[in-house]
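K.L.:
All I have is the shape, not the residue letters:
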């Protein structure tokens with residue numbers, strides 16, 4: 001989006017997908033790439049049964065998640081020592097720089113809306129392969 005373009009509102013219909021560094025496939029949503037956003041991205045994620053992301057963190061960017069359906073297990077902390085289960089209708093906050101690893105351990109898909117303070121969704125993703133083996137799912 002050119003800097004001289006007139007600011008306007010945009011509607012995005014999630015249809016196209018992209019594979020994130022985390023190992024999951026996301027539906028394109030609001031981002032610098034799609035609408036020229038400057039401080040936020042928001043996209044839709046459906047994790048199929050048995051899906052698991054790679055351990056990672058988002059450097060300098062916060063994450064907010066709203067679970068639409070299903071449930072997701074998330075391990076987080078310096079050594080992924082903490083564990084929570086996010087259920088449909090609940091929200092989760094992940095501070096900037098916190099290592100985490102989400103997984104869908106159920107037999108049904110889990111769908112969530114994910115928003116970050118990084119308009120370029122993948123730029124702040126840092127993979128942490130040394131933590132992947134700490135979660136045995």
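P.N.:
Received, thanks. As the structure is a computational prediction, the values presented were derived from the model and not from experiment. Residues are numbered from 1 along each chain as shown.

K.L.:
Partner strands of the helix or strand of the chain with the lowest mean pLDDT, with direction?
P.N.:
Every helix and strand in the chain was compared by mean pLDDT, DSSP states H and E; the lowest is strand 17-19, with a mean of 82. Counting by DSSP bridges, the strands paired with strand 17-19 are strand 25-30 (antiparallel).

K.L.:
need the next SSE after the strand it pairs with, C-terminal direction.
P.N.:
helix 32-35 (DSSP states H and E).

K.L.:
ok, and what's touching that next one?
P.N.:
1, 10, 12, 28, 38, 41, 119-121 (Cβ atoms under 8 Å, 6 or more residues apart in numbering). (Glycine included, C-beta is placed from N, CA and C.)

K.L.:
Pull the distance from that helix to the chain's centre.
P.N.:
Centre-to-centre, helix 32-35 and its host chain are 16 Å apart (Cα atoms, centre = their mean, to the nearest Å).

K.L.:
same question, stretch 69-79
P.N.:
On Cα atoms, centre = their mean, the centre of stretch 69-79 falls 11 Å from that of its chain.

K.L.:
I figured residue 71 hits residue 92, correct?
P.N.:
No: the criterion here is Cβ atoms under 8 Å, and residue 71 misses it with residue 92 at 11.3 Å.

K.L.:
which strands and helices sit next to the helix or strand hosting residue 112?
P.N.:
Element membership for residue 112 (DSSP H and E) is strand 110-116. Other elements packing on strand 110-116 under the criterion 3 or more Cβ pairs under 8 Å, 6 or more residues apart in numbering; DSSP states H and E are strand 41-47, strand 63-69, strand 71-76.

K.L.:
Which strands border it, and is each parallel or antiparallel?
P.N.:
Partner strands for strand 110-116, per DSSP bridges, with pairing direction: strand 41-47 (antiparallel), strand 63-69 (antiparallel).
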